[in-house]
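Visitor: heads up, no residue letters with this:
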């Protein structure tokens, strides 16, 4: 039983230390890219004079 618990904790620690930081970095990159894209899209809409964000619901 002690070996199984050690095995589970080892896998959990490995997943948290190796995979989670990569997922967080990927999510941050995607969020940044979406933010820039939305900013540019809104600037274009404001410059065109219609004042509407194209594609907004």
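Guide: That came through, no problem. Note that the structure is predicted; figures quoted are calculated from it, not measured.
Visitor: shaky segments in this structure?
Guide: Low-confidence segments of the chain, defined by pLDDT under 70, are located at 50-57.
Visitor: let's see 50
Guide: Screening the chain residue by residue with the criterion pLDDT under 50, one finds no matching range.
Visitor: quick one: the helices in it?
Guide: Per DSSP state H, the chain carries helices over the ranges 2-48.
Visitor: So for it, the centremost residue is which one?
Guide: With distances taken as Cα atoms, centre = their mean, the chain has residue 27 as the residue nearest its mean C-alpha position (1.9 Å).
Visitor: ok, now which ones touch it?
Guide: Residues in contact with residue 27, defined by Cβ atoms under 8 Å, 6 or more residues apart in numbering, are absent; none qualify. The way it works is simple: take the backbone N, C-alpha and C, and place the C-beta from them, glycine included.
Visitor: do residue 8 as well
Guide: Contacts for residue 8 (Cβ under 8 Å, 6+ apart) come out as none.
Visitor: State the distance from it to residue 15.
Guide: Noted for residue 8: a distance of 11 Å to residue 15, by Cβ to Cβ, to the nearest Å.
Visitor: Then residue 43?
Guide: From residue 43 to residue 15 the distance is 41 Å (Cβ to Cβ).
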